[in-house]
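Student: The following comprises the amino acid sequence and a computationally predicted model.
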Amino acid sequence: MTGTQPDPRIAFFDSHADRWDSYGPPIAEVLARLDALRSVLPLAPSMDVLEIGCGTGNVTGWLATVVRPGRVTAMDFSPKMLALAAARGVDAELRLADVCSDDLGSSRFDAAFCMHVFPHFRDHAAALRNIARALKPAGWLIVLHLVGRQTVNSVHTGAGGPVAGDHLPAPDVWPQLLTPAGLEMAQLTDRPDLFLVTARKRASVARLDDNVPGRDL
């Protein structure tokens, strides 16, 4: 929500929900890419993970398998997207919520997984503060796109409407966004086939140089 007005992106994604899974590469290819990236994603069994912008739930099952016996809470601000995820029978708790304004909990999750969604946060700083609050000490933020930043931004510009200005920040902007939220960047990769940022919630008991996955891509 923006004040008393709904975020116009909600209606945009509701209108595309029924066709969403037909956009982009086949889901089997997406899941294969995710499997190939396992070693650079800070995800592990027994983690409790917040999937932000789960859409139709087309990768939620993969995420649930990776962290089992941990649990996934899959959220989206589009009711139609979330209804399709429910119909899919994903192994997750589903929640209708807005990352920029709704209470996501406090120190509840080991990781927040944001795949193909970060540009659509209308207020990046507010979203990151909210995510950081929901993470446990030393919890992880993962921002992932299976194409590079320039492609993401070009696609959204071309789509027009409410998402025309929904862009991934430039690499040098990320520390300025993460640090005030209490997050420390661990890695940033931007190449034609991948955009990945991982960051860790700062905590006095955590040493960010210890066991940080994904140093080499």
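Tutor: Sure, I can see it.
Student: which sections of this protein are below the confidence cut-off?
Tutor: Along the chain, segments meeting pLDDT under 70 span 1-4, 204-217.
Student: Need the residues that contact the longest strand along it.
Tutor: Ranked by residue count and defined by DSSP state E, the top strand of the chain is strand 135-145. Applying C-beta atoms under 8 Å, 6 or more residues apart in numbering, the contact partners of strand 135-145 are 37, 41-43, 107-116, 118, 128, 131-132, 152, 168, 178, 183, 194-201, 203, 205-206. Backbone N, C-alpha and C define where each C-beta goes, glycine included.
Student: immediately after it, which helix or strand?
Tutor: Following strand 135-145 in sequence order, the next helix or strand is helix 149-159 (DSSP states H and E).
Student: tell me which residues in that following helix are buried?
Tutor: Arg149, Val152, Asn153, Val155, His156 (16 or more other C-beta atoms under 10 Å).
Student: Could I get the full set of helices for this protein?
Tutor: 8-16, 27-36, 60-67, 79-88, 124-134, 149-159, 174-178 (DSSP state H).
Student: can you list these in TSV and add distance to Gln187?
Tutor: Converted to TSV, the helices of the chain look like this (distance: least, C-beta to C-beta, whole Å):
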stretch	distance to Gln187
helix 8-16	28
helix 27-36	16
helix 60-67	18
helix 79-88	29
helix 124-134	16
helix 149-159	14
helix 174-178	10
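Student: now for stretch 182-201, what's the gap between its first and last residues?
Tutor: Distance across stretch 182-201, first residue to last, is 6 Å (C-alpha to C-alpha, to the nearest Å).
Student: so who does Arg133 touch?
Tutor: Contacts of Arg133 (C-beta under 8 Å, 6+ apart): Leu104, Gly105, Ser106, Ser107.
Student: Pull out the buried members of these.
Tutor: Of the contacts of Arg133, these count as buried by 16+ other C-beta under 10 Å: Leu104.
Student: With distance to Leu31 added, can I get the contacts of Arg133 in a markdown table?
Tutor: Shown next, in a markdown table, are the contacts of Arg133 (distance: C-beta to C-beta, whole Å):
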| residue | distance to Leu31 |
| --- | --- |
| Leu104 | 26 |
| Gly105 | 28 |
| Ser106 | 32 |
| Ser107 | 30 |
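Student: Looking at the contacts of Arg133, which is nearest Leu188?
Tutor: Nearest to Leu188 among the contacts of Arg133, counting by C-beta to C-beta, is Leu104 at 23.5 Å.
Student: That closest one is in contact with Ala134, isn't it?
Tutor: Yes. Contact criterion C-beta atoms under 8 Å: Leu104 and Ala134 qualify, at 3.9 Å.
Student: Contact partners for Tyr175?
Tutor: Wrong residue type there; residue 175 is Pro, not Tyr. Applying C-beta under 8 Å, 6+ apart to Pro175 gives the contacts Met185.
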